[in-house]
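Participant: got a predicted structure here, sequence first:
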Amino acid sequence: MIRILHTADWHLGQTFFGYDRTKEHEFFLHWLSEEIKKQEIDVLIIAGDVFDVSNPSASAQKMFFQFIYQVTSQNPLLQVVIVSGNHDSAARLEAPLPLLQAMRTEVRGVVRKKEDGSIDYNHLLIHLRNKEGEVEVICMTVPFLRQGDYPAVETDGNTYAEGVKELYNQLYQVASNKRELNQAIIAVGHLQATGSEIAEKDYSERTVIGGLECVSPDAFSQNIAYAALGHIHKAQRVSGRENIRYAGSPLPMSFAEKHYHHGVVLVTINGGNVTEIERLECPLLTSLVSVPNGAPLPPEQILNDLRSLPDVDGEAPYLEVKVLLDEPEPMLRRDVEEALENKNYRLARIVSTYRKRTEYDDQNMENVEIGLQEMNPLQIVKSTFVKTYQTDMPDDLIDLLEDVCFSVTNQEKKEDEE
């Protein structure tokens, strides 16, 4: 029997609207180390986005390495498997690999190529051992894939999605040839799976508009015992398949995630089969509060609600204030701060939306204009097109814009790696 703890999307080093989150991450890592001991975990899988940015601060890296040293010292048989995410620098995450391997920690950030240019699939396979030292699982350990990392596939469809699917298919064939009796095959990946749920206004996951990086769950063979995924911050099963899961982020990374259930997934495998999948919810050190909790309200009502906020002991919650305005209010922030005086809250942001009536509205309905910080590039261009030409943007222009955004996003990723 082997017990695996699946987690992802730590985003160490993240600041939340200017506030440092070190204490929150330390709180989570302490809880995680306690769970590893309590649950007698054999393998810890971190499915990408260890750090929030590709060039993390020294303090964020120190926190990460201290955790790895601590859990591997306290649990002498524990293995740790890590893949890089789209927020991570693949090369930087892999750089200390020789030292990490001395602590039974494997990192896969870069897809290595052989001299002939073909993918080194063996490098992406890691043997996971039970407490008796027997190989019980072959782990297909795949980092976030960028252009050039996956096989070229001739297709009339999405070349990225088909290429990623082909990589997993070929990797599974290599793993199957190495598998012995009663050994399971599991997959690790950092990707956006088709059918996964993401909050409508949550851009913290940096998904590509138009779904151009969505990968079908069919990329994972029905014979795979479990797929440990990262990238989507909401813990969930994918397309109804119980054994393909996002662990979700341990902390809310935006106000759109404040109602998510944050935690990790405990997977038990015995005799080549999954015998139990259990979610473990982790406690949060700091809560997120929105005023109002629903749609934005006029300033007078908002200020009254802020004055009525209950007192809070312990860590000050992050506070989001949503105000509905007819015109800009230069003194709004001062009024909000005065209403919060002597209250234990951290004002994270004030979201101002504006009421506006336009001739384009068929029934003179109210049209709320959303601030630029809440919109993705396609929404901004479509909104501008409607205001300029009083008609919706044609589908062919939308398709062209999606292709441009996809190319720009991948170019930025390449530059981050360089």
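Facilitator: Ah, there it is. Residues are numbered from 1 along each chain as shown.

Participant: and residue 76, what pLDDT?
Facilitator: On the pLDDT scale, residue 76 is placed at 96.

Participant: next, it: phi, psi?
Facilitator: For residue 76, the backbone dihedrals (degrees, to the nearest 10) come out as phi -60, psi -20.

Participant: list of residues touching the helix or strand residue 140 falls within?
Facilitator: Residue 140 belongs to strand 135-141 when assigned by DSSP states H and E. Under the contact criterion CB atoms under 8 Å, 6 or more residues apart in numbering, strand 135-141 has outside partners 1-2, 4, 43, 45, 81, 83, 106, 108, 124-130, 168, 171-172, 175, 178-180, 182-188, 224-225, 269, 272. For every residue, glycine as well, the C-beta is placed using N, CA and C.

Participant: let's see the ChimeraX selection covering just the buried ones among the residues you listed.
Facilitator: Those of the contacts of strand 135-141 that count as buried under 16 or more other CB atoms under 10 Å are selected in ChimeraX with:
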select :2,4,43,45,81,83,106,108,124,125,126,128,129,130,168,171,172,175,179,183,184,185,186,187,188,224,225,269,272
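
Participant: show me what counts as buried in the strand holding residue 140.
Facilitator: Of all the residues in strand 135-141, those buried under the rule 16+ other CB under 10 Å are 136, 137, 138, 139, 140, 141.

Participant: strand partners (parallel or antiparallel) of it?
Facilitator: Sheet pairing of strand 135-141 (DSSP bridges) gives strand 125-129 (antiparallel), strand 184-190 (parallel).

Participant: any chance of those strands in CSV with distance to residue 37 and mean pLDDT as columns?
Facilitator: Below are these laid out as CSV (distance: least, CB to CB, whole Å; pLDDT from 0 to 100):
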stretch, distance to residue 37, mean pLDDT
strand 125-129, 18, 98
strand 184-190, 23, 98
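
Participant: which parts of the stretch 1-150 of the chain are strands?
Facilitator: Secondary structure of the stretch 1-150 of the chain (DSSP state E, counting those that start in this stretch): strands at 2-7, 15-16, 19-20, 43-47, 79-83, 105-108, 125-129, 135-141.

Participant: which residues are in contact with the second one?
Facilitator: Residues from elsewhere that reach strand 15-16, judged by CB under 8 Å, 6+ apart: 21, 318, 348.

Participant: just the helices in the stretch 251-400 of the chain please.
Facilitator: Along the stretch 251-400 of the chain, counting by DSSP state H, counting those that start in this stretch, helices occupy 299-307, 332-339, 377-389, 395-417.

Participant: the first one to helix 332-339, inter-axis angle?
Facilitator: Angular relation of helix 299-307 and helix 332-339 on a 0 to 180 degree scale: 30 degrees, by axes from the mean of the first three to the mean of the last three CA atoms, to 10 degrees.

Participant: what's helix 299-307 packed up against?
Facilitator: strand 288-291, strand 318-325, helix 332-339 (3 or more CB pairs under 8 Å, 6 or more residues apart in numbering; DSSP states H and E).

Participant: can you give me the domain boundaries for the chain?
Facilitator: Using automatic domain parsing, the domain ranges for the chain come out as 2-281, 288-374, 379-418.

Participant: list the contacts for the residue nearest to residue 71 when sequence neighbours are not counted?
Facilitator: Computed as CB to CB, 6 or more residues apart in numbering, the closest residue to residue 71 that is not its neighbour in sequence is residue 33, at 5.2 Å. Shown in contact with residue 33 (CB under 8 Å, 6+ apart): 67, 70, 71, 74.

Participant: gap between residue 33 and residue 87?
Facilitator: With distances taken as CB to CB, to the nearest Å, residue 33 is found 23 Å from residue 87.

Participant: do residue 70 as well
Facilitator: Shown here: residue 70 relative to residue 87, a distance of 23 Å by CB to CB.

Participant: more neighbours: which of those two?
Facilitator: Neighbours per residue (other CB atoms under 10 Å) separate residue 70 from residue 87, with residue 87 holding more: 26 against 15.

Participant: need the pLDDT of residue 154.
Facilitator: According to the prediction, residue 154 has pLDDT 89.

Participant: do the same with residue 147
Facilitator: For residue 147, the model assigns a pLDDT of 88.

Participant: isn't residue 123 right up against residue 112?
Facilitator: Yes - contact criterion CB atoms under 8 Å: residue 123 and residue 112 qualify, at 4.9 Å.

Participant: residues in contact with residue 236?
Facilitator: 196, 197, 245, 246, 248.

Participant: for the first one, which three-state class applies?
Facilitator: Secondary structure assignment for residue 196 (DSSP: H, G, I helix; E, B strand; the rest coil): coil.

Participant: list the contacts of it.
Facilitator: Contacts of residue 196 by CB under 8 Å, 6+ apart are 232, 234, 236, 238, 246.

Participant: quick one: which of these sit in strands?
Facilitator: Among the contacts of residue 196, DSSP state E puts 236, 238, 246 in strands.

Participant: okay, these in JSON lines with pLDDT next?
Facilitator: Shown next, in JSON lines, are those (pLDDT from 0 to 100):
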{"residue": "236", "pLDDT": "96"}
{"residue": "238", "pLDDT": "94"}
{"residue": "246", "pLDDT": "97"}
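
Participant: name the nearest residue to residue 252, ignoring sequence neighbours.
Facilitator: Leaving out its chain neighbours, the residue that sits closest to residue 252 by CB to CB, 6+ apart is residue 258, at 5.2 Å.

Participant: so residue 215 makes contact with residue 190?
Facilitator: No - contact between residue 215 and residue 190 fails when scored by CB under 8 Å: they sit 10.6 Å apart.

Participant: what's the neighbour count on the nearest residue to residue 51 once chain neighbours are set aside?
Facilitator: Nearest residue to residue 51 in three dimensions, chain neighbours excluded: residue 12, at 5.1 Å (CB to CB, 6+ apart). By other CB under 10 Å, 25 other residues sit near residue 12.

Participant: repeat that for the one 4 residues further on.
Facilitator: By the criterion of other CB under 10 Å, residue 16 has 19 neighbours.

Participant: same question, the one 3 residues further on
Facilitator: By the measure other CB under 10 Å, the count of residues near residue 19 is 14.

Participant: report the contact partners of it.
Facilitator: 318, 346, 348.

Participant: and if you look at residue 251?
Facilitator: The contact partners of residue 251, by CB under 8 Å, 6+ apart, come to 11, 14, 21, 24, 25, 28, 262, 284.

Participant: sweet, I'm off.
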